[in-house]
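Participant: I would like the atomic coordinates for the input below:
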Amino acid sequence: DPRYDRELLADGDRRNVVDRYRYWTVAAIRADLAARAHRLHIAIENVSQDLNIGSIVRSANAFNVAGVHIIGRRRWNKRGAMVTNRYLDVRHHPEPGELLAWAQAEGYEVVGIDNGPGAQPLESADLPERCLMVFGSEGEGISAELSAGCSRLLRIGQYGSTRSINVAAAAAVAMHSWILQHAGPAPD
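Facilitator: Have a look, this model is predicted:
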């Protein structure tokens, strides 16, 4: 089977992959995931902590999003992603305008996940199937330019004393909300 990696077969596979991908090459895993990817894309802007970026990317892999877009930062320590970024389409956009142009050209609705003024509850939102979810830092949030390009801003309901939850946790909650509306049961 050409999907199998000879070195992994000989030495063992200790990667963080589900059993169906055990011993497969990275290229074979990427191809299989891409063939089954959901129409959800995510974008990360103004997130300064590499662990948060990595955690968002790892969740994106778990939900098999079609693509991850990182705005501004080209370089980040990928340890938090546990190399799950290797299996995804990860793109870099130097400026928000480039991402917005991509979304328009591809027919994606841009939805900001932020707890700023005017944000509506995520819990009651109907999310578009061709959705580009945008996540910003816990301090700055989404930039004014990118926020202006969003069709709407959604927030996650808060019940405790903190103003906001961790951005990586918020991203996982938001992606899962999309999954519940559009993906059906998991294949496992």
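Participant: and the helix or strand residue 56 falls within, what other elements does it pack with?
Facilitator: Using DSSP states H and E, residue 56 sits in helix 50-62. In terms of contacts (3 or more Cβ pairs under 8 Å, 6 or more residues apart in numbering; DSSP states H and E), helix 50-62 is packed against strand 41-45, strand 67-71, helix 167-182. (Glycine included, C-beta is placed from N, CA and C.)
Participant: again, only using 6 Å
Facilitator: strand 41-45, helix 167-182 (3 or more Cβ pairs under 6 Å, 6 or more residues apart in numbering; DSSP states H and E).
Participant: List the contacts of the last one.
Facilitator: Counting by Cβ atoms under 6 Å, 6 or more residues apart in numbering, helix 167-182 makes contact with 40, 47, 52, 55-56, 59, 63, 113, 122, 127, 129, 133, 135, 138, 156, all of which sit outside it.
Participant: Surely residue 61 touches residue 84?
Facilitator: Yes - between residue 61 and residue 84 a contact is recorded at 3.8 Å, counting by Cβ atoms under 6 Å.
Participant: before we move on, the earlier item: and residue 20, which of the helices and strands packed on helix 50-62 is closest to it?
Facilitator: helix 167-182 (18.7 Å; Cβ to Cβ).
Participant: in this protein, which segments are predicted with low confidence?
Facilitator: Low-confidence segments of the chain (pLDDT under 70): 73-81, 188.
Participant: Tell me where it has strands.
Facilitator: In the chain, the segments counted as strands under DSSP state E are 41-45, 67-71, 90-93, 109-113, 120-121, 131-135, 152-155.
Participant: contacting residues around residue 63?
Facilitator: 175, 179.
Participant: Please state the backbone phi and psi of it?
Facilitator: Dihedral pair for residue 63: phi -100, psi 0, per degrees, to the nearest 10.
Participant: Alpha carbons of the helix holding residue 56, in CSV - could you do that?
Facilitator: The C-alpha coordinates for helix 50-62 follow below in CSV (Å, rounded to 0.1, in the frame of the first residue of the first chain):
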residue,chain,number,x,y,z
ASP,A,50,2.6,30.5,20.2
LEU,A,51,0.9,28.0,22.4
ASN,A,52,-2.5,29.5,21.7
ILE,A,53,-1.8,29.5,17.9
GLY,A,54,-0.7,25.9,18.1
SER,A,55,-3.7,24.9,20.2
ILE,A,56,-6.1,26.6,17.6
VAL,A,57,-4.3,24.7,14.8
ARG,A,58,-4.6,21.4,16.7
SER,A,59,-8.3,21.9,17.2
ALA,A,60,-8.6,22.9,13.5
ASN,A,61,-7.0,19.5,12.6
ALA,A,62,-9.3,17.7,15.0
